[in-house]
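Trainee: need the 3D shape of this:
(chains A and B)
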There are 2 protein chains.
Amino acid sequence: MVTEIEIRVGLKMGMADPEGANVQKALNLLGFDSINGVESAKCYRIIIDKEEKAALELAEKMCRQLLANPVVHNYTISVAD
Amino acid sequence: MVTEIEIRVGLKMGMADPEGANVQKALNLLGFDSINGVESAKCYRIIIDKEEKAALELAEKMCRQLLANPVVHNYTISVAD
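Mentor: Model prediction:
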(Lines give C-alpha, C1' and ligand atoms only; values in the text may rest on other atoms or scores of the structure.)
Protein backbone atom coordinates (compact mmCIF):
# COMPACT_ATOMS: atom_id res chain seq x y z
CA MET A 1 0.00 0.00 0.00
CA VAL A 2 1.18 3.48 -0.89
CA THR A 3 0.53 6.64 1.14
CA GLU A 4 1.09 10.19 -0.04
CA ILE A 5 2.24 12.40 2.82
CA GLU A 6 2.28 16.19 2.79
CA ILE A 7 4.87 17.84 5.03
CA ARG A 8 4.84 21.58 5.62
CA VAL A 9 7.96 23.11 7.14
CA GLY A 10 7.41 26.67 8.32
CA LEU A 11 9.30 29.15 10.44
CA LYS A 12 8.69 29.38 14.17
CA MET A 13 6.92 32.43 15.52
CA GLY A 14 9.32 35.37 15.74
CA MET A 15 11.83 34.07 13.18
CA ALA A 16 12.68 36.53 10.41
CA ASP A 17 10.91 35.64 7.17
CA PRO A 18 12.44 37.87 4.47
CA GLU A 19 10.81 35.91 1.66
CA GLY A 20 7.37 36.42 3.15
CA ALA A 21 8.10 40.10 3.76
CA ASN A 22 9.23 40.58 0.18
CA VAL A 23 6.20 38.81 -1.23
CA GLN A 24 4.01 41.11 0.85
CA LYS A 25 5.90 44.17 -0.43
CA ALA A 26 5.58 43.01 -4.04
CA LEU A 27 1.85 42.34 -3.62
CA ASN A 28 1.39 45.82 -2.14
CA LEU A 29 3.23 47.35 -5.10
CA LEU A 30 0.90 45.45 -7.42
CA GLY A 31 -2.05 47.12 -5.73
CA PHE A 32 -3.16 44.43 -3.27
CA ASP A 33 -3.73 46.66 -0.25
CA SER A 34 -5.76 44.43 2.04
CA ILE A 35 -2.91 42.12 3.03
CA ASN A 36 -2.11 41.83 6.71
CA GLY A 37 0.80 39.42 6.56
CA VAL A 38 2.55 36.78 4.45
CA GLU A 39 4.36 33.74 5.78
CA SER A 40 6.41 31.51 3.52
CA ALA A 41 6.92 27.79 4.05
CA LYS A 42 8.40 24.80 2.29
CA CYS A 43 6.24 21.81 1.42
CA TYR A 44 7.20 18.28 0.49
CA ARG A 45 4.89 15.63 -0.90
CA ILE A 46 6.43 12.25 -0.17
CA ILE A 47 5.15 8.96 -1.55
CA ILE A 48 5.82 6.18 0.93
CA ASP A 49 5.39 2.43 0.40
CA LYS A 50 3.59 1.91 3.71
CA GLU A 51 0.10 2.07 5.05
CA GLU A 52 -1.08 5.31 6.61
CA LYS A 53 -0.05 4.85 10.23
CA ALA A 54 3.48 3.64 9.44
CA ALA A 55 3.91 6.34 6.80
CA LEU A 56 2.97 9.09 9.26
CA GLU A 57 5.49 7.77 11.77
CA LEU A 58 8.21 7.65 9.09
CA ALA A 59 7.39 11.22 8.04
CA GLU A 60 7.77 12.38 11.64
CA LYS A 61 11.24 10.78 11.70
CA MET A 62 12.18 12.39 8.35
CA CYS A 63 11.29 15.81 9.74
CA ARG A 64 13.35 15.29 12.85
CA GLN A 65 16.37 13.90 10.97
CA LEU A 66 16.46 15.99 7.80
CA LEU A 67 13.64 18.28 6.77
CA ALA A 68 13.22 20.58 9.76
CA ASN A 69 15.69 22.36 12.00
CA PRO A 70 14.10 22.38 15.46
CA VAL A 71 15.78 25.68 16.32
CA VAL A 72 13.94 27.65 13.64
CA HIS A 73 11.26 25.43 12.08
CA ASN A 74 7.98 23.90 13.01
CA TYR A 75 6.29 21.34 10.80
CA THR A 76 2.95 19.75 10.16
CA ILE A 77 2.41 16.33 8.63
CA SER A 78 -0.79 15.22 6.95
CA VAL A 79 -2.01 12.60 4.53
CA ALA A 80 -2.41 14.24 1.11
CA ASP A 81 -5.77 13.88 -0.62
CA MET B 1 -13.29 40.21 8.71
CA VAL B 2 -9.93 38.53 8.25
CA THR B 3 -9.29 35.37 6.23
CA GLU B 4 -6.14 33.28 6.28
CA ILE B 5 -5.42 31.82 2.87
CA GLU B 6 -2.98 29.00 2.15
CA ILE B 7 -1.45 28.98 -1.34
CA ARG B 8 0.62 26.05 -2.53
CA VAL B 9 2.75 26.60 -5.63
CA GLY B 10 4.10 23.35 -7.05
CA LEU B 11 5.81 22.28 -10.26
CA LYS B 12 3.78 21.05 -13.20
CA MET B 13 3.98 17.36 -14.08
CA GLY B 14 7.20 16.65 -15.97
CA MET B 15 9.12 19.69 -14.74
CA ALA B 16 12.54 18.92 -13.26
CA ASP B 17 12.48 19.07 -9.45
CA PRO B 18 16.12 18.89 -8.31
CA GLU B 19 15.23 19.86 -4.75
CA GLY B 20 12.76 17.01 -4.46
CA ALA B 21 15.25 14.60 -6.04
CA ASN B 22 17.97 15.64 -3.60
CA VAL B 23 15.67 15.30 -0.61
CA GLN B 24 14.82 11.78 -1.78
CA LYS B 25 18.53 10.95 -2.18
CA ALA B 26 19.32 12.30 1.28
CA LEU B 27 16.45 10.37 2.87
CA ASN B 28 17.66 7.19 1.14
CA LEU B 29 21.17 7.76 2.50
CA LEU B 30 19.67 8.15 5.98
CA GLY B 31 18.13 4.69 5.65
CA PHE B 32 14.58 5.55 4.59
CA ASP B 33 14.18 2.95 1.86
CA SER B 34 10.43 2.89 1.30
CA ILE B 35 10.22 6.23 -0.49
CA ASN B 36 8.76 6.27 -3.96
CA GLY B 37 9.07 9.95 -4.77
CA VAL B 38 9.45 13.43 -3.31
CA GLU B 39 7.99 16.62 -4.76
CA SER B 40 8.89 20.00 -3.38
CA ALA B 41 6.59 23.01 -3.38
CA LYS B 42 6.43 26.53 -2.01
CA CYS B 43 3.64 27.56 0.34
CA TYR B 44 2.43 30.99 1.35
CA ARG B 45 0.02 31.80 4.14
CA ILE B 46 -1.55 35.17 3.45
CA ILE B 47 -3.74 37.08 5.87
CA ILE B 48 -6.28 39.12 3.95
CA ASP B 49 -8.67 41.75 5.33
CA LYS B 50 -11.68 40.37 3.46
CA GLU B 51 -14.33 37.77 3.95
CA GLU B 52 -13.73 34.31 2.58
CA LYS B 53 -15.15 34.63 -0.93
CA ALA B 54 -13.41 37.91 -1.72
CA ALA B 55 -10.15 36.65 -0.18
CA LEU B 56 -10.17 33.53 -2.36
CA GLU B 57 -10.69 35.67 -5.47
CA LEU B 58 -7.84 37.96 -4.46
CA ALA B 59 -5.56 34.97 -3.86
CA GLU B 60 -6.33 33.67 -7.33
CA LYS B 61 -5.28 37.06 -8.76
CA MET B 62 -2.08 37.07 -6.65
CA CYS B 63 -1.11 33.68 -8.06
CA ARG B 64 -1.70 34.80 -11.62
CA GLN B 65 0.14 38.10 -11.20
CA LEU B 66 3.06 37.18 -8.95
CA LEU B 67 3.30 33.89 -7.12
CA ALA B 68 3.06 31.31 -9.91
CA ASN B 69 4.61 31.13 -13.35
CA PRO B 70 1.98 29.43 -15.55
CA VAL B 71 4.68 27.87 -17.74
CA VAL B 72 6.09 25.75 -14.93
CA HIS B 73 3.83 26.00 -11.87
CA ASN B 74 0.43 24.88 -10.82
CA TYR B 75 -1.16 26.14 -7.62
CA THR B 76 -3.89 25.36 -5.15
CA ILE B 77 -5.63 27.88 -2.94
CA SER B 78 -7.46 27.00 0.25
CA VAL B 79 -8.69 28.63 3.42
CA ALA B 80 -6.24 27.82 6.23
CA ASP B 81 -7.71 26.28 9.39
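
Trainee: every contact and neighbour count from this point should use C-alpha atoms.
Mentor: Fine.

Trainee: can you pull out the strands in chain A?
Mentor: For chain A, the strands defined by DSSP state E cover A:3-11, A:35-48, A:73-79.

Trainee: can you put the ones you listed in JSON lines and add mean neighbour count and mean pLDDT?
Mentor: Formatted as JSON lines, the strands of chain A follow (neighbours: other C-alpha atoms under 10 Å in any protein chain shown; pLDDT from 0 to 100):
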{"stretch": "strand A:3-11", "mean neighbour count": "22", "mean pLDDT": "97"}
{"stretch": "strand A:35-48", "mean neighbour count": "20", "mean pLDDT": "97"}
{"stretch": "strand A:73-79", "mean neighbour count": "16", "mean pLDDT": "97"}
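
Trainee: nearest to residue B:13, of those?
Mentor: Comparing the strands of chain A against residue B:13 with C-alpha to C-alpha, the closest turns out to be strand A:35-48 (13.3 Å).

Trainee: what's the angle from that closest one to strand B:3-11?
Mentor: 50 degrees (axes from the mean of the first three to the mean of the last three C-alpha atoms, to 10 degrees).

Trainee: other SSEs contacting strand A:35-48?
Mentor: Applying 3 or more C-alpha pairs under 8 Å, 6 or more residues apart in numbering or on different chains; DSSP states H and E, one finds that strand A:35-48 contacts strand A:3-11, helix A:18-29, strand B:35-48.

Trainee: let me have the ones you listed in a markdown table, extended by distance to residue A:37.
Mentor: Output for those, formatted as a markdown table (distance: least, C-alpha to C-alpha, whole Å):
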| stretch | distance to residue A:37 |
| --- | --- |
| strand A:3-11 | 14 |
| helix A:18-29 | 7 |
| strand B:35-48 | 5 |
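
Trainee: pipe the strands of chain A into a markdown table and attach distance to residue B:36 per row.
Mentor: Formatted as a markdown table, the strands of chain A follow (distance: least, C-alpha to C-alpha, whole Å):
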| stretch | distance to residue B:36 |
| --- | --- |
| strand A:3-11 | 9 |
| strand A:35-48 | 5 |
| strand A:73-79 | 15 |
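
Trainee: quick check: end-to-end length of stretch A:58-67?
Mentor: 12 Å (C-alpha to C-alpha, to the nearest Å).

Trainee: going by neighbour count, list what's buried in that stretch.
Mentor: A:58-60, A:62-63, A:67 (16 or more other C-alpha atoms under 10 Å in any protein chain shown).

Trainee: ok, those vs chain B, which is closest?
Mentor: residue A:62 (7.2 Å; C-alpha to the nearest C-alpha).

Trainee: tell me the spacing between that closest one and residue B:14.
Mentor: Residue A:62 sits 25 Å away from residue B:14, going by C-alpha to C-alpha.

Trainee: all set now, cheers.
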